[in-house]
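J.: Sharing a model prediction with you, sequence too.
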Amino acid sequence: MTEQHPPGPEEPDRVEFDEAKARELEEKFDPEVRFRPLGGFAGGLAAAALFSLSAFHYYTAGFGLLREVTHRAVHMSFVLSLIFLVFAARRADDKLHPSSLFRPGGLPVYDWILAAAAAVSTLYVPYVFSELAFRVGNPSTLDLVMGSTLIVVLLEATRRSMGWPLPVIAVVMMLYALYGRYMPGMLVHPGASWSALVNHLYLTSQGIYGLPVGVVATYVFHFVLFGVLATRMGLGQLFIDAATALAGRFSGGPAKVSVLSSALLGTITGSSIANAVTTGALTVPAMMRVGYRRHFAAAVEAAASTGGQITPPIMGAAAFLMIEFLGIPYTHIMIAALVPAFMHFFGVLMQVHFEAKRRGLRGLTREEMPRIWAILKRDWPTLFPMFVLVAILMNGNTPYLAAFWGITLCVLIGLVNPRNRMTFSDVFAAFVLGAKYALAVGAAAATVGIIIGVFTLTGVSFKVAYIVTQTAGGWAAVIEPWIPFGMMSVQGLTLLLTLMLTAVVCIVMGTGVPTTANYLIMVTVAAPILALLGVEQIVAHFFVFYYGILADITPPVALAAYATAGIANANPFTTGNTAFRLSMGKVMVPFVFVFSPSMLVMVQNFAWSEFILAVYGCALGIVALSAAFSDYLGDRLWWWERVLLAVAAVLLVAPELVTTIIGTLIFLPILLRPLIRKRPPLPA
């Protein structure tokens, strides 16, 4: 429920905020960018290796990939080795040390040993690849030594760069593979020996060298690098300025600027936390200046920032994984994501708008806003790489070729553009930073390969699918008689309960696992579950994708919300709860497109009638629910009106003609009621 009091006297007229604090917050809440300082020989070596990693991916994107196993091994050898140089084993070691006998280059000896072990064990597979066909399933002693070494260093590299949860899950899954004969019920399996497990995870394409690493090495890395260069070139600032010029003048303008700028910037950052602290450094203080409460301002930025990963044309890493899983062009993913992404931002905007109207908040003055034509006249060259990248994607070319030309144009324009002009030193630094940002996701992809490898070795995902569907079916049979007018069948209830279980698991998993890894794990488990219930593959993938991202703003571990709360000096838990409420569009939409797949457009049996009904009902349902949460719909609402609006919202988002009509009939009288009665807004 929205609070009914104006900002307290402690709210400042103006909040000063510096960029250094934003970077500090990003490092505090995002372990993927918690790099340790390096100097001297170690710093020079790490910088050269990071630049080489980016240059390798840039060159192969434009001039051809290496043989699959070789390309993935080279990528992993750089990534895992560099993690032991760039990330400290403990927070206590996260500082610059002088070089000594036991700290060559300022780093502990064991870090150098682990880096060397990572390089040797990853490159061993392509070195003996031609011989592996003659000993499939019968690894040599050296194979086992190298495989065991890689598993150990991979788990440690992932722990350093992402924290404990993902490595712990991988270890639990390996224990399940080894000791499955002791498991209860349907989860039992004969169990695998260590030799068989290493063979499967290390020497086949079903484990560490599998699809997740392949996608990161051929798609994700390139777009991370493109995002760094595009931001450095000035595209990020253009997005923020343009959003301010377009949305700032409206009621509660800074919050609407936050939503629009976060949507735009999210297309090139790929990280909810990075997006939140970058745009939040400007938008959160501005929202507080016009009268938004601290926690609400922080929550708006957090909710908007999580939408970047679902916004075409450049989405999060999971979108590129879908290409390989589903075997469809990236353009299909972009088109399918359009309406759901719009619904998320529409939901945030409606609640922001109602809050501003209810509290009588102003927009930005003419003096506080830039002019859109002046912005475009000044910074139009920075848009060119994005336009070319999208055009190449839409033409059906590979994403990495599109990224190659996008990166090339970013460098060329950055070198000649007098506004935000880059030097060759800046280009070098951007290549180094882009590689740094890609290290953690590279390690996570390889570790998820272990988890997926156990799934394929034991077949546990299909067993879990059967258990979940049988459980949901049993619950549905009990609940169905209580549903009025027979509005849902047992089959429909079974699907609804299964989706709810899947959503909860996605959110819980996301509290400790990054969104890309969460998507990979959950889609491996959830796709067979939803397939048993007749859900199309692309729909199942999008459902898991959306709920995995939602974890960034879902307490108790809502990292994006906690980062923006730090900017606003607000209560983190209150901010997380409010951000989740603001993202109710993203919560509801996945259920809508499961029951009405035509919302995603790129599905079999697409029907315009189903599409129009789903979009109309979902949009109107979001307005109704936003009004109920905000206590405003053209005027203040009575408590019973808010209850009716919530009921109307549920009926409207259910993609059935009868429920949509009933929901509309409930909604319209409340919408028209303010014409005959007025209540004053809350004081600002």
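T.: Looks like it arrived, so ask away.

J.: Just the pLDDT for the nearest residue to residue 603 once chain neighbours are set aside.
T.: Of all residues not flanking residue 603 in the chain, residue 597 sits nearest, at 4.4 Å (Cβ to Cβ, 6 or more residues apart in numbering). (C-beta placed from N, C-alpha, C; glycine too.) On pLDDT, residue 597 comes in at 93.

J.: Quick check: residue 597 touching residue 540?
T.: No - the criterion here is Cβ atoms under 8 Å, and residue 597 misses it with residue 540 at 10.3 Å.

J.: So what does residue 636 have for phi and psi?
T.: Phi and psi for residue 636, reported as degrees, to the nearest 10, are phi -60, psi 150.

J.: Tell me the bridge partners for it.
T.: Beta-bridge partners for residue 636, by DSSP bridges, are residue 632.

J.: Next, the buried residues of the longest helix belonging to the chain.
T.: Longest helix in the chain by number of residues, with DSSP state H as the criterion: helix 424-458. Neighbour-count burial for helix 424-458 flags 426-455, 457-458 (criterion: 16 or more other Cβ atoms under 10 Å).

J.: go on, stretch 652-661?
T.: 652-656, 659-660.

J.: ok, the closest residue to residue 95 other than its chain neighbours to residue 43 distance?
T.: In space, and not counting its chain neighbours, residue 95 is closest to residue 37: 6.6 Å by Cβ to Cβ, 6+ apart. Per Cβ to Cβ, to the nearest Å, residue 37 is found 8 Å from residue 43.

J.: returning to that earlier point: which of the buried residues of stretch 652-661 fall in strands?
T.: Counted as lying in strands by DSSP state E, out of those, is not a single one.

J.: Least confident of these?
T.: Minimum pLDDT across those is recorded for residue 655, with 79.

J.: How about the contacts made by that one?
T.: When the contact criterion is Cβ atoms under 8 Å, 6 or more residues apart in numbering, the partners of residue 655 are 592, 595-596, 599, 610, 613-614, 617-618.

J.: Repeat the analysis, applying 6 Å as the threshold.
T.: Going by Cβ atoms under 6 Å, 6 or more residues apart in numbering, residue 655 touches 592, 595-596, 614.

J.: Would you quantify the distance from it to residue 607?
T.: Using Cβ to Cβ, residue 655 is found at 11 Å from residue 607.

J.: list the contacts for residue 112?
T.: Applying Cβ under 6 Å, 6+ apart to residue 112 gives no contacts.

J.: if we go to 7 Å?
T.: Shown in contact with residue 112 (Cβ atoms under 7 Å, 6 or more residues apart in numbering): residue 104.

J.: so which helix or strand takes in it?
T.: helix 109-127 (DSSP states H and E).

J.: Could you check the angle that helix makes with helix 424-458?
T.: Interaxial angle of helix 109-127 relative to helix 424-458 (axes from the mean of the first three to the mean of the last three Cα atoms, to 10 degrees): 70 degrees.

J.: show me where the stretch 201-350 of the chain has helices.
T.: Along the stretch 201-350 of the chain, the segments classed as helices by DSSP state H, counting those that start in this stretch run 211-215, 221-233, 235-247, 253-269, 272-290, 294-305, 317-326, 330-359.

J.: quick one, which of those helices is packed in tightest?
T.: Burial of the helices of the stretch 201-350 of the chain is given as mean neighbour count (mean count of other Cβ atoms under 10 Å); helix 294-305 ranks first at a mean of 32.

J.: Against which helices or strands is that one packed?
T.: Here helix 294-305 touches helix 253-269, helix 272-290, helix 330-359, helix 559-568, helix 572-582, going by 3 or more Cβ pairs under 7 Å, 6 or more residues apart in numbering; DSSP states H and E.

J.: And the ones you listed: which comes nearest residue 247?
T.: Nearest to residue 247, of all those, is helix 253-269, at 4.0 Å by Cβ to Cβ.

J.: which parts of stretch 392-400 are buried?
T.: 392-393, 397-400.

J.: Would you check that residue 479 makes contact with residue 493?
T.: Yes - with contact defined as Cβ atoms under 7 Å, residue 479 reaches residue 493; the gap is 5.8 Å.

J.: okay, those two: which has more neighbours?
T.: A count of neighbours by other Cβ atoms under 10 Å puts residue 493 above the other of residue 479 and residue 493, at 20 against 15.

J.: low pLDDT regions in the stretch 101-250 of the chain?
T.: Along the stretch 101-250 of the chain, the model assigns pLDDT under 70 to no residue.

J.: Am I right that residue 570 sits in a helix?
T.: No - assessed by DSSP: H, G, I helix; E, B strand; the rest coil, residue 570 does not belong to a helix; its assignment is coil.

J.: and the gap between it and residue 347?
T.: For residue 570 relative to residue 347 (Cβ to Cβ), the value is 21 Å.

J.: Same question for residue 511.
T.: Distance from residue 511 to residue 347, by Cβ to Cβ: 22 Å.

J.: again with residue 174
T.: Remark: distance between residue 174 and residue 347 (Cβ to Cβ) = 41 Å.

J.: still on that earlier bit, pick out whichever of residue 37 and residue 43 has more residues nearby.
T.: Higher neighbour count among residue 37 and residue 43: residue 43, with 16 against 11, using other Cβ under 10 Å.
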